[in-house]
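*Asks:* Structural data only, the sequence is not supplied:
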Ligand SMILES: [Zn+2]
């Protein structure tokens with residue numbers, strides 16, 4: 001590791017090399033290719049799926065927030081159809097990979113992107129505004145574990161979980177995607193497999209805040225339940241009673 005100045009540089013090289021040899025595309029399971037080393041965001045590419053992945057790695061636990069790049073370009077990026085997906089990786093002090101999670105970009109909503117303070121006028125990049133990704137704002141269905149506390153998750157299981165919600169990629173609009181993801185996240189927050197419509201209506205206020213231009217939140221919840229049923233995520237048991245089909 002001679003020639004590398006800091007521990008963080010060493011870690012970057014180690015994790016990127018590890019990713020290049022050990023990681024794979026969660027959608028098709030083929031090996032990923034290292035993107036151009038100086039490319040702004042793209043760290044890895046699957047040429048079969050035309051997917052790009054950005055790797056965020058950290059020593060120790062991830063915590064509630066993950067530092068990312070410029071705030072404005074992140075929001076622009078999430079609004080585009082082919083924005084890169086994410087790999088979140090954390091490693092032990094011995095540089096052993098502890099957790100590796102793939103997060104499809106369509107699971108990261110603007111509510112999960114927090115604006116950081118502008119850099120002071122004394123900083124090298126004065127005025128620059130970065131962002132954090134708030135992990136609790138990401139639905140569990142969009143956190144696809146590849147390595148779970150040092151143990152390797154079966155590849156087919158990874159793929160099934162990725163494919164289960166891939167329909168979100170082809171949503172009609174960012175707005176309709178965000179409705180589906182929001183209702184999916186509300187169902188998860190109930191922490192129960194069987195639930196009622198009234199239980200979901202408890203999120204009406206929260207959903208109204210996220211979608212201030214919509215005055216028919218309850219109608220929208222019911223519409224999204226039908227949509228999620230058609231996509232095999234929710235089962236209708238009887239009027240007003242539902243069952244979440246577990247993510248694999
Ligand atoms: Zn692929």
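*Replies:* Structure's in. What do you need? Computed from a prediction, not measured in an experiment: that's the story for all the values here. Numbers count the residues shown, from 1 in each chain.
*Asks:* quick one: the residue sitting nearest the centre point of the chain and the ion, what's the gap?
*Replies:* The centroid of the chain falls nearest to residue 103 when counting by C-alpha atoms, centre = their mean (3.2 Å). Per C-beta to the ion, to the nearest Å, residue 103 is found 15 Å from the ion. C-betas here are computed from N, CA, C, even on glycine.
*Asks:* now swap in residue 242 and tell me
*Replies:* On the measure of C-beta to the ion, residue 242 and the ion end up 32 Å apart.
*Asks:* ok, now which ones touch the residue lying closest to residue 155 once chain neighbours are set aside?
*Replies:* Among residues not flanking residue 155 along the chain, residue 29 sits closest, at 5.5 Å (C-beta to C-beta, 6 or more residues apart in numbering). By C-beta atoms under 8 Å, 6 or more residues apart in numbering, residue 29 lies in contact with 155, 158, 159.
*Asks:* go on, residue 56?
*Replies:* 66, 67, 68, 86, 87, 88, 89, 133.
*Asks:* now the fourth one: how far from the ion?
*Replies:* In this structure, residue 86 lies at 15 Å from the ion, with C-beta to the ion as the measure.
*Asks:* Ok, the first one next?
*Replies:* When C-beta to the ion is applied, the distance between residue 66 and the ion equals 23 Å.
*Asks:* Could you point out the helix or strand that follows the lengthiest strand in the chain?
*Replies:* As assigned by DSSP state E, the longest strand anywhere in the chain is strand 51-59. Remark: after strand 51-59, the chain's next helix or strand is strand 65-70, criterion DSSP states H and E.
*Asks:* Remind me what the helix or strand just after that following strand packs against, helices and strands.
*Replies:* As assigned by DSSP H and E, the chain's next helix or strand after strand 65-70 is helix 71-79. Judged by 3 or more C-beta pairs under 8 Å, 6 or more residues apart in numbering; DSSP states H and E, helix 71-79 is in contact with strand 113-115, strand 130-134.
*Asks:* Tell me which strands the last one pairs with, and in which orientation.
*Replies:* Sheet pairing for strand 130-134, assigned by DSSP bridges, gives strand 65-70 (antiparallel), strand 113-115 (antiparallel).
*Asks:* out of the ones you listed, nearest to residue 176?
*Replies:* Closest to residue 176 of those, according to C-beta to C-beta: strand 113-115, at 19.3 Å.
*Asks:* what's that closest one in contact with?
*Replies:* So strand 113-115 is contacted by 65, 68, 71, 74, 75, 78, 129, 131, 132, 133, 134 (C-beta under 8 Å, 6+ apart).
*Asks:* cutoff 6 Å now
*Replies:* Residues from elsewhere that reach strand 113-115 (C-beta atoms under 6 Å, 6 or more residues apart in numbering): 71, 74, 131, 132, 134.
*Asks:* Quick check: buried residues in that strand?
*Replies:* Using 16 or more other C-beta atoms under 10 Å as the test for burial, strand 113-115 gives residue 113.
*Asks:* so how far is that strand off the chain centroid?
*Replies:* On the basis of C-alpha atoms, centre = their mean, to the nearest Å, strand 113-115 sits 14 Å off its chain's mean C-alpha point.
*Asks:* What average pLDDT does it get?
*Replies:* Per-region confidence: strand 113-115 scores 92 on mean pLDDT.
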